[in-house]
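A.B. asks: This is a predicted model, with the sequence first.
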Amino acid sequence: MAAGVTVNITSQSIYRALNTPGGPVAEWRDKVMHETQDRATLKAPTNNPLNARHRGGRVGIYKRGFRTRRTGNQNGVGAVIYNNAPHAIYVEEGRSESTAFQVFSWTKW
């Protein structure tokens with residue numbers, strides 16, 4: 001154990017480490033944020049083009065919809081990863097159970 005060692009960490013040095021672009025904490029947060037976004041994009045489901053004929057066969061809207069936002073204040077930093085696809089809520093949360101017979105376009109068009 002070192003004797004006579006004093007460490008003085010000021011609030012300003014904490015703010016600087018957390019919020020300065022290029023600071024160690026900000027770099028770590030950005031790295032983890034982008035890695036998580038990349039992983040979510042890779043694992044995102046893509047619809048069957050035959051099931052998307054009613055919208056011109058366009059698929060992959062959810063996969064391309066991931067966005068990030070940095071959050072925080074003087075005392076902490078964070079990141080938010082979200083999806084802005086119009087149907088993201090249904091992909092992530094599901095929908096209520098249907099009681100009617102469903103005909104999907106890939107079975108009959």
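C.D. replies: Nice, thanks for sending it over.

A.B. asks: Could you use CA atoms for every contact and neighbour count after this?
C.D. replies: Fine.

A.B. asks: tell me the SS of Phe101?
C.D. replies: Judged by DSSP: H, G, I helix; E, B strand; the rest coil, the three-state class of Phe101 is coil.

A.B. asks: For it, the count of nearby residues, please.
C.D. replies: For Phe101, the tally of surrounding residues (other C-alpha atoms under 10 Å) stands at 6.

A.B. asks: What of Leu18?
C.D. replies: Considering only other C-alpha under 10 Å, Leu18 is surrounded by 24 other residues.

A.B. asks: now the helix or strand hosting Glu92: how far from the chain's centre is it?
C.D. replies: Assignment of secondary structure by DSSP states H and E places Glu92 within helix 88-93. Between the centre of helix 88-93 and the centre of its chain there are 13 Å (C-alpha atoms, centre = their mean, to the nearest Å).

A.B. asks: and that helix, average pLDDT?
C.D. replies: Over the span of helix 88-93, the pLDDT mean works out to 88.

A.B. asks: Same check on stretch 16-33?
C.D. replies: Average pLDDT, stretch 16-33: 82.

A.B. asks: Tell me which residues are up against that stretch.
C.D. replies: Surrounding stretch 16-33, the residues in contact under the criterion C-alpha atoms under 8 Å, 6 or more residues apart in numbering are Thr68, Asn73, Gln74, Asn75, Gly76, Val77, Gly78, Ala79, Val80, Ile81.

A.B. asks: As a markdown table, those with secondary structure would be great.
C.D. replies: Supplementary listing: the contacts of stretch 16-33 in a markdown table, determined by three-state DSSP:
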| residue | secondary structure |
| --- | --- |
| Thr68 | strand |
| Asn73 | strand |
| Gln74 | coil |
| Asn75 | coil |
| Gly76 | strand |
| Val77 | strand |
| Gly78 | strand |
| Ala79 | strand |
| Val80 | strand |
| Ile81 | strand |
